[in-house]
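Engineer: Sequence first, then the predicted structure, then my questions.
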Amino acid sequence: MDVCWEEHGWERLAPGVGRRRLPGWDATAGLVVGTDAVLLYDTGSTVREGAELAAGVRALLGGGRHVTHIALSHPHFDHVLGTAAFPGAEVYGAVGMARLLTAGGSGPSGPSGLSDPAVMSGMSGLFEEAVRLGADAEETARAVDGLVAPRHEVSGLLTLELGGGRRAVLVNAGPGHTAHDLAVLVAGASGAAGAAEVSGATRVAGASGAASVVFCGDLVEESGEPQAGPDAVPGRWPAALDRLLTLGGEDAVYVPGHGAVVDAAFVRAQRDALAARFGVS
């Protein structure tokens, strides 16, 4: 498929793979295109932003093609609140994420009748964090009320066959930034992924050994220091970055949840900084 990603507001990363940096919080939305299916990685901070992404995908691909699959990197507002703009898409998340996002409710006091701290954090926390950071309260409330939780939860690795030999490997890479961090790896130019065990993890590479594209979510951030909120798991964050490095390898393109694309050396340096910051090895 020959499309000009940049003309449509996307950054091309590899054949059939690109991303868009969204306004406001500079969150990344990733796109992986096969001949049969289209995967979007994260959906933006509001239903309106999700709808703009959906329109952008249709304009990029033409021919009536649209997003068929969604992978949500983690349960923070700027990455998940646009999901309702993609009716019919199959939604994936790390194990446990759906539970956080199914209770309903949008106000700062959280959904009534719920006492589970994890659920309260997941729901009221989305609203409170968004509004605290400047999002419109009414628009955010509507997005939280219409929130779409993952139907498919990933506990290890899950491969999506998108057609034409292009595969996306969904990886439960955390915990770290949150308890529910999902990364996506796409093998190099051909997109034909093979997997081999490497030190307890799984390395993904193209048939020719070409580099992978690794969508990291907020396990990696380039435009600022990684943010460790109350739902972070700091003691296990460095190990999550070790897993990403093993999975992608030295030559991979690593795509942070916020900021410019980076390389393995950047990820390794951030891993070491996090280990020093949190006092872990």
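Structural biologist: Ah, there it is.

Engineer: quick one: the residue nearest to residue 52 when sequence neighbours are not counted from residue 169, how far?
Structural biologist: Excluding the flanking residues, the one nearest residue 52 by Cβ to Cβ, 6 or more residues apart in numbering is residue 44, at 7.5 Å. Just so you know, the C-beta spots here come from the backbone N, C-alpha and C atoms, and that holds for glycine as well. Applying Cβ to Cβ, to the nearest Å, the value for residue 44 to residue 169 is 23 Å.

Engineer: neighbour-wise, which of these two wins?
Structural biologist: residue 44 (29 against 21; other Cβ atoms under 10 Å).

Engineer: Looks like that one contacts residue 28 (just checking).
Structural biologist: No. Contact criterion Cβ atoms under 8 Å: residue 44 and residue 28 do not qualify, at 10.2 Å.

Engineer: looking at this, the residue nearest to residue 52 is in a helix?
Structural biologist: No. With DSSP: H, G, I helix; E, B strand; the rest coil as the criterion, residue 44 is located in coil rather than a helix.

Engineer: hmm, back to that, list the residues that contact both of residue 44 and residue 28?
Structural biologist: residue 22 (Cβ atoms under 8 Å, 6 or more residues apart in numbering).

Engineer: Give me the distance from stretch 71-80 to the chain's centre.
Structural biologist: 6 Å (Cα atoms, centre = their mean, to the nearest Å).

Engineer: and what of stretch 173-192?
Structural biologist: 8 Å.

Engineer: Next, the buried residues of that stretch.
Structural biologist: 173-188, 190-192 (16 or more other Cβ atoms under 10 Å).

Engineer: repeat for stretch 23-38
Structural biologist: 25, 26, 27, 28, 29, 30, 31, 32, 33, 34, 37, 38.

Engineer: Need the max-distance pair from the residues you listed.
Structural biologist: 25 and 34 (28.6 Å; Cβ to Cβ).
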